[in-house]
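# sequence and predicted structure are below.
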Amino acid sequence: MKSQVAADRLRDLRSVTDAALAYLPLDDLLNELLGRVVGILDADTAAILLLDDDESTLVARAAKGLEEEVERGVRVPVGQGFAGRIAATRQPVQIENLDNAEIVNPILRKRGLRSLLGVPLVVEGGVIGVMHVGTLVERKFSKEDVALLQSAGDRAALAISSRLTERERGLADALQSSLIPPLPELPGLALAGRYLPAASAQLGGDWYDAFQLPDGRLGMAIGDVVGRGFYAAAVMGQLRSGLRAYALDGIAPSEVLGRLSRLLRQLVPGRTATALYLVLDPYGGSLVVSSAGHPPPLVAGDSGPTFVDLPGSAPLGATRHPTYEDRQHPIEPGSTLLLYTDGLVERPGESLDAGLERLRTVIGRGGDELEGLGDSLVDGLLPDGPAQDDAALLLARGLPLTDSLLTRLPADVESIPLIRRLLGRWLREAGATQAEAEDLSLATSEACANAIEHAYGPAAGILEVSASLSLGGEALVAVRDFGNWRQPRGVNRGRGLALMEGLTDAVDVVRGEDGTTVQLSRRLGAEAA
């Protein structure tokens, strides 16, 4: 009769589990399961502890009669205490008398429990947690009790795993979207990025980033945190934010990595990561790069694909006092710059050099459009997707400038250095001397600064900068705003116009209902004549 009652109760648990999968949130599902388990085994308490992301700690997630465990967020190291021993051995464990047992969680004794029975929660051969029941009177659990709880635990594990997988998939998508930011849109420059998580994990520690620096150059970074899952992704997010913060101070790439290494040692002692950070001047034709144990960037130009020569270096967090070096490398207009993680090139049982050579071959086949080249790299190097390791890549290419220049940028002082570098490149390609390019770029910067202050003030706005060559050899630059100019504030104002007139041959200010245009002209080649 007793066995029939147990079988009936197990059938009830099976039906509740199956129905709950269709609609119950995870927390409600766990509470429902524990309520049924307490009833089946005539126990006083029940609890479920789930394995944390680091897979070394069990965390109390749901409880009946032991709610304090969940409220306090009790954590039990795997291998220690009652629940920790179950997770480590993957075998049921029962304790008839807690007075004679090693108990890590003091709440169990505080609650007055005398006996415990626990089983592992196993899915596809891997432990995801522990479920246990307890009684306030001393009790020897029978083999039937053990089998019953294990059967309930197996069904609970499947339900929990399904709910965790569904939730983690949504969290992974949201987290990955936030950690891989959109690439900036800059005139005369194309950017493309790819992130491919390994087939065995939704999230990993690979990342990339690109952002405009205060001096108008472009910061580019890529890295790989050891490990997978949400924990590695969280560390990756902290490193990405830290690198950006250090880089915006305008310090050298080697110093950025040095600070980042110290940050990692402080945040997560014992964790390491590789990273590469460079500063690209797409309008000046050069880059400065430093690496922390990361594969070298590749530059593909008219002379073929070439890896930037970098010295050996330690990963971030590996040593207390790391030393990183800066290396300069020229990059011609139209060349492609590639940053990547080792998941793109490494293969089991193969040397890294073989993977790098394969990368050189694939990128050497070229591609007129940068997004298409990114797809070709993924298809050529990872036709079946990354299996064991994540992969990420970041591409940049300076675009050729046409005979006339036209760009729109936010009416913000941060746009001025970018405008100066872009216009300087266009002027040099148009035949201007270095001095002529500097004078006209400075005059244009002053016109932009005036528009930002007088046309928009603190409000958001747009600057339109255009440049062309006249038939007579004059460089014609126009700075247009779409705001309403205000009267100058303070004294000793109005010197900007005088500066522009001193740097150019002519300045013309045209005001209209839809904004103001400042036209600058300078004859090129007059100095040489």
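Great, that's in hand. Residues are numbered from 1 along each chain as shown.

# quick one: residue 356 from residue 297, how far?
11 Å (CB to CB, to the nearest Å). From N, CA and C alone the C-beta is placed, and that goes for glycine too.

# for residue 121, same thing?
45 Å.

# so where is the stretch 351-500 of the chain shaky, pLDDT-wise?
For the stretch 351-500 of the chain, applying pLDDT under 70 flags the ranges 366-368, 386-388, 486-494.

# hey, where'd the helices end up in it?
352-364, 370-381, 415-429, 434-450, 495-503 (DSSP state H, counting those that start in this stretch).

# flag every buried residue along the fourth one.
Along helix 434-450, these residues count as buried under the neighbour rule (16 or more other CB atoms under 10 Å): 436-437, 439-448, 450.

# got the residues you listed as TSV, with distance to residue 521 columns?
TSV is the format used below for the buried residues of helix 434-450 (distance: CB to CB, whole Å):
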residue	distance to residue 521
436	12
437	14
439	12
440	9
441	14
442	15
443	10
444	12
445	16
446	15
447	12
448	17
450	17
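
# looking at residue 356 and residue 297, which is more packed in?
A count of neighbours by other CB atoms under 10 Å puts residue 297 above the other of residue 356 and residue 297, at 25 against 19.

# the more buried one and residue 102, how far apart?
Taken as CB to CB, the span from residue 297 to residue 102 is 54 Å.

# so what secondary structure elements neighbour whichever strand or helix holds residue 234?
Assigned by DSSP states H and E, residue 234 belongs to helix 229-247. For helix 229-247, the packing partners by 3 or more CB pairs under 8 Å, 6 or more residues apart in numbering; DSSP states H and E come out as helix 143-179, strand 204-212, strand 218-228, helix 253-267, strand 273-281.

# I'd like the mean pLDDT over that helix, please.
Per-residue pLDDT over helix 229-247 has a mean of 86.

# how about stretch 208-217?
In this model, stretch 208-217 has an average pLDDT of 93.

# thinking again about what came up before, with distance to residue 154 as extra columns, can I get the helices of the stretch 351-500 of the chain in CSV?
Below are those laid out as CSV (distance: least, CB to CB, whole Å):
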stretch, distance to residue 154
helix 352-364, 42
helix 370-381, 40
helix 415-429, 61
helix 434-450, 69
helix 495-503, 77
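
# the ones you listed: which one's closest to residue 478?
helix 434-450 (8.8 Å; CB to CB).

# now that closest one, how far from the chain's geometric center?
37 Å (CA atoms, centre = their mean, to the nearest Å).

# which residues touch that helix?
Outside helix 434-450, the residues that touch it by CB atoms under 8 Å, 6 or more residues apart in numbering are 413, 415-416, 419-420, 423-424, 427-428, 432, 463, 465, 475, 477, 479, 496-497, 499-500, 503-504, 507, 518, 520, 522, 524, 526-527.

# for ChimeraX, what selects the buried ones among these?
Buried subset of the contacts of helix 434-450, written as a ChimeraX selection, criterion 16+ other CB under 10 Å:
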select :415,416,419,420,423,424,427,432,463,465,475,477,479,496,500,503,504,507,518,520,522,524
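
# just to revisit the earlier point, buried ones in the helix holding residue 234?
Neighbour counts over helix 229-247 (16+ other CB under 10 Å) mark 229-240, 242-243, 246-247 as buried.

# ranges for the helices of the stretch 1-150 of the chain?
In the stretch 1-150 of the chain, the helices defined using DSSP H, counting those that start in this stretch lie at 2-23, 26-41, 67-72, 81-89, 106-110, 143-179.

# gap between the closest residue to residue 153 other than its chain neighbours and residue 149?
Using CB to CB, 6 or more residues apart in numbering and skipping residues adjacent in sequence, the residue nearest residue 153 is residue 119, 4.3 Å away. Between residue 119 and residue 149 the computed distance is 5 Å (CB to CB).

# list residues touching both of those two?
Taking CB under 8 Å, 6+ apart as the contact rule, residue 119 and residue 149 both touch 92, 131.

# chain center to the helix holding residue 234, what's the gap?
Chain-centre distance of helix 229-247: 6 Å, with CA atoms, centre = their mean.

# what angle sits between it and strand 204-212?
Angle of helix 229-247 versus strand 204-212, following axes from the mean of the first three to the mean of the last three CA atoms, to 10 degrees, is 20 degrees.

# and helix 229-247, C-alpha only, in PDB?
Backbone C-alpha positions of helix 229-247 (Å, rounded to 0.1, in the frame of the first residue of the first chain) are rendered in PDB as follows:
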ATOM      1  CA  GLY A 229      29.500  31.900 -20.400                       C
ATOM      2  CA  PHE A 230      28.100  34.900 -18.600                       C
ATOM      3  CA  TYR A 231      31.000  35.200 -16.200                       C
ATOM      4  CA  ALA A 232      33.600  35.600 -19.000                       C
ATOM      5  CA  ALA A 233      31.200  38.000 -20.800                       C
ATOM      6  CA  ALA A 234      30.800  40.100 -17.700                       C
ATOM      7  CA  VAL A 235      34.600  40.300 -17.300                       C
ATOM      8  CA  MET A 236      34.900  41.200 -21.000                       C
ATOM      9  CA  GLY A 237      32.400  44.000 -20.500                       C
ATOM     10  CA  GLN A 238      34.400  45.500 -17.700                       C
ATOM     11  CA  LEU A 239      37.600  45.300 -19.700                       C
ATOM     12  CA  ARG A 240      36.000  47.000 -22.700                       C
ATOM     13  CA  SER A 241      34.700  49.800 -20.600                       C
ATOM     14  CA  GLY A 242      38.000  50.200 -18.800                       C
ATOM     15  CA  LEU A 243      40.000  50.300 -22.100                       C
ATOM     16  CA  ARG A 244      37.700  53.000 -23.500                       C
ATOM     17  CA  ALA A 245      38.000  55.100 -20.400                       C
ATOM     18  CA  TYR A 246      41.900  54.900 -20.400                       C
ATOM     19  CA  ALA A 247      42.100  55.400 -24.200                       C
END
